[in-house]
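Trainee: Show me the folded form of this:
(one chain, ligands or ions: 1)
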Amino acid sequence: MDILVVGAGAMGSLYGGRLRESGYNVVLVDIWSQHIEAINANGLKIEGETGVQVISIPARFAHEVQEKADLLIVFTKTFHTEKALESVLHVLHDNTVTMTLQNGLGNIELLEKYFPRERIIVGTTNFPSDLVGPGYVRSLGAGETVIMQLDNCGINRVEAVNKILNDAGFNCKVTDNIYPFIWEKVAFNAAMNSLTAVTGLTVGQLGLSADGRNLAFQVADEVLNVAKSKGIVVNKEKVKEMMDEAFIKHFDHQPSMLQDLKAGKMTEIESINGAVVREAKKIGCAVPATEVLYKLVRVLEQSRENHTTRYISG
Ligand code: NAD
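Mentor: Model prediction:
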């Protein structure tokens, strides 16, 4: 199976690199020239629990890719998905399967604009990965990947993808109902990402404070209530356990939203807290803490934009 990964940052490099290592033909596509150059010149470095692995794998700009892809894995941040998809349409064929394991809400609807439901695979992953620098990612710890083919229509495509992900060590399982997994992940992220982003604290530091923990549980609870009102059967206890575990095991972790704010980059707040607030409004559900955090992160994003604009113009 020929695989194209579009968005070869922390997660795209991890998935693409490990798939390459297990023998698949993989091409990484990104727009970050230093990263592409570093991977092509020195190989992709993936740091794991057992050390640093150097993987020989081609990295390209989209316009350089000519080979047709059987599987397209989308791993950009959610606000870049559309542009990234547009850039690789020329290498897809009538049977290409597109998979997203991105966080947040709205990924399914976006892919549906481009592909029939029977060729879309949606999932979640809690494998961790951080970008250390060009050509270098760090992934400490294992996780789980859960996937679902949106529509079967008589052709099962998800089992083949399940196999390649398991071959590469991504501990994958297939479900016929991905929505609880998506919403439980969104609940976790809406709480942890936005709260660490606005406080500047690590996950563990947030958990040291009873107020911090309670606020995090409140946000998760609000998000899961929205899911429940939509008829999605979510497991509140499971999410609370995940959060309790994260407070301890990921004490020093700075979630991507905090890292992105610190780096002056756009965050995924719109597809996480923002999307929850919009869903809640549609069904008349109150999500006060989620909404305040949504607005606070936007304020922080905008203050950086304004700062940059003033800096450039002044
Ligand atoms: P990242 O910022 O490290 O990587 C995104 C990459 O996309 C970057 O290298 C960027 O240059 C590239 N990109 C941007 N626009 C592009 C375009 N038009 N064409 C091609 N490439 C483009 O992000 P990440 O941490 O890898 O996260 C990707 C997704 O996975 C997000 O939705 C995130 O929430 C989710 N996720 C991340 C983790 C994690 O631990 N990092 C875990 C689970 C899920």
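Trainee: Go through the biggest strand by length in the chain and flag the buried ones.
Mentor: Taking DSSP state E as the criterion, the chain has its longest strand at strand 92-100. By 16 or more other C-beta atoms under 10 Å, the buried positions in strand 92-100 come out as 92, 96-100. No exception for glycine: its C-beta is placed from N, CA and C like everyone else's.
Trainee: Name the nearest of these relative to Glu144.
Mentor: Proximity of the buried residues of strand 92-100 to Glu144 (C-beta to C-beta) peaks at Met99, which lies at 15.5 Å.
Trainee: what sits opposite that closest one in the beta ladder?
Mentor: Ile73, Ile121 (DSSP bridges).
Trainee: who does the longest strand of the chain touch, helix- and strand-wise?
Mentor: Counting contacts by 3 or more C-beta pairs under 8 Å, 6 or more residues apart in numbering; DSSP states H and E, strand 92-100 packs against strand 69-74, helix 107-112, strand 120-125.
Trainee: any idea where the helices of this structure begin and end?
Mentor: Taking DSSP state H to define them, one finds helices in the chain at 10-21, 33-42, 81-88, 107-112, 158-167, 179-199, 203-208, 210-229, 236-249, 256-262, 273-283, 288-313.
Trainee: contacts for the first one?
Mentor: Helix 10-21 has contacts (C-beta atoms under 8 Å, 6 or more residues apart in numbering) with 3, 5-6, 8, 26, 28, 30, 39, 44, 46, 53, 55-57, 73, 75-76, 101, 125, 127, 129-131, 137, 139, 164-165, 167-170, 256.
Trainee: one step back: the buried residues of strand 92-100 into TSV, with extra columns for distance to Glu222?
Mentor: Converted to TSV, these look like this (distance: C-beta to C-beta, whole Å):
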residue	distance to Glu222
Leu92	38
Thr96	38
Val97	34
Thr98	31
Met99	29
Thr100	25
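Trainee: so which of these are also by the ligand?
Mentor: Among the buried residues of strand 92-100, no residue sits close to the ligand (C-beta under 6 Å from any ligand atom).
Trainee: closest to the ligand among those residues?
Mentor: Checking the buried residues of strand 92-100 against the ligand by C-beta to the nearest ligand atom gives Thr100 as the nearest, at 8.3 Å.
Trainee: near the ligand, which residues of the protein show up?
Mentor: Proximity of the chain to the ligand, by C-beta under 6 Å from any ligand atom, involves residues 6-12, 29-32, 75-78, 80, 83-84, 87, 102-103, 125, 128-129, 131, 256, 268.
Trainee: ok, of the residues you listed, which come out buried?
Mentor: Listed as buried from the residues of the chain next to the ligand are 6-12, 29-31, 75-78, 80, 84, 87, 102-103, 125, 128-129, 131, 256, 268; burial here means 16+ other C-beta under 10 Å.
Trainee: picking that back up, just the buried ones among the contacts of helix 10-21, please.
Mentor: Neighbour counting with 16+ other C-beta under 10 Å marks 3, 5-6, 8, 26, 28, 30, 39, 44, 46, 55, 57, 73, 75-76, 101, 125, 127, 129-131, 137, 139, 164-165, 168, 170, 256 as buried within the contacts of helix 10-21.
Trainee: got the contact list for the longest strand of the chain?
Mentor: 68-74, 81, 85, 107-108, 111, 114-115, 119-123, 147, 157, 161.
Trainee: quick one: it to strand 120-125, angle?
Mentor: Here the directions of strand 92-100 and strand 120-125 differ by 30 degrees (axes from the mean of the first three to the mean of the last three C-alpha atoms, to 10 degrees).
Trainee: and strand 92-100, how far from the chain's centre?
Mentor: Centre-to-centre, strand 92-100 and its host chain are 19 Å apart (C-alpha atoms, centre = their mean, to the nearest Å).
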